[in-house]
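no sequence on this one, just coordinates:
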């Protein structure tokens, strides 16, 4: 039977999905608005957007796969090193864990007891957690992260594509700007929640990045298009 994902693993996959959607929104919005600044041809705008969406989907999926695979390889090396350390100098690792607990304000006798119990139960998991800050029994799947990005990037890019192609010419750029800003506020908030960071700061930062991207590409498109 397949082992169920832990909360941390699910959150990492959700993070990949949210960032994929966010990049899809910003990247494709930048492309279609830039092309709209240079040309009024809906066909040219549509083709550019589709091309950017397909290229971005592959790029994001492969980027997530490589990134998570690299992280997983580093964690495996850390676990291998810790196995060797426990084999060669168990007492040193025991003292390290106990000192960590004491530094957190735990009384020496309680730190000694806690360390003894946890090291007896699972010395490898305990020392890996205290030395490297991750759970030796949990790994994020690079395939899950890649698939999450591969789905979310084109999903996010749908919004600017619809905005720039469906609205009338005289309001389509403004409408796309506004739609993208709303979408970026949502993804910025979600990313902040998943990362347990300041929500307002995450929203503002995300919106600012999107506005800057669209403004720059539109300006360049206008200059090129005359």
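Okay, I see it. Every value quoted in this text rests on a predicted model; they were computed, and no experiment measured them. Numbers count the residues shown, from 1 in each chain.

so residue 75 touches residue 131, yeah?
No: the pair formed by residue 75 and residue 131 falls short of the contact definition of Cβ atoms under 8 Å, at 11.8 Å. (Each C-beta comes from the backbone N, C-alpha and C, glycine too.)

Can you name every helix or strand that the biggest helix by length in the chain contacts?
When the chain is parsed with DSSP state H, its longest helix is helix 42-88. Counting contacts by 3 or more Cβ pairs under 8 Å, 6 or more residues apart in numbering; DSSP states H and E, helix 42-88 packs against helix 7-38, helix 90-103, helix 108-132, helix 142-166.

Out of those, which gets nearest to residue 54?
Closest of those to residue 54 is helix 142-166, at 8.0 Å (criterion: Cβ to Cβ).

Give the buried residues for the helix or strand just after the closest one.
Using DSSP states H and E, the next helix or strand after helix 142-166 towards the C-terminus is helix 172-195. Buried residues in helix 172-195, counted by 16 or more other Cβ atoms under 10 Å: 172-173, 175-177, 179-181, 183-185, 187-192, 194.

ok, and what's touching helix 172-195?
Outside helix 172-195, the residues that touch it by Cβ atoms under 8 Å, 6 or more residues apart in numbering are 11, 14-15, 18-19, 21-22, 25-26, 29, 32-33, 36-37, 156, 159-160, 162-167, 198-199, 201-207, 209-211, 214, 218.

quick one: residue 29 and residue 212 touch, right?
No: using Cβ under 8 Å, residue 29 is not in contact with residue 212, being 11.4 Å away.

Run a quick neighbour tally on the nearest residue to residue 137 once chain neighbours are set aside.
Ranked by Cβ to Cβ, 6 or more residues apart in numbering and with sequence neighbours excluded, the top spatial neighbour of residue 137 is residue 125, at 6.2 Å. By other Cβ atoms under 10 Å, the residues close to residue 125 number 17.

correct me, but residue 125 touches residue 138?
No: with contact defined as Cβ under 8 Å, residue 125 does not reach residue 138; the gap is 9.9 Å.

what's the angle between the lowest-mean-pLDDT helix or strand in the chain and helix 172-195?
Ranked by mean pLDDT, DSSP states H and E, the helix or strand of the chain with the weakest confidence is helix 7-38, at a mean of 85. Interaxial angle, helix 7-38 versus helix 172-195 (axes from the mean of the first three to the mean of the last three Cα atoms, to 10 degrees): 160 degrees.

Before I go, just wanted to say thanks for your time.
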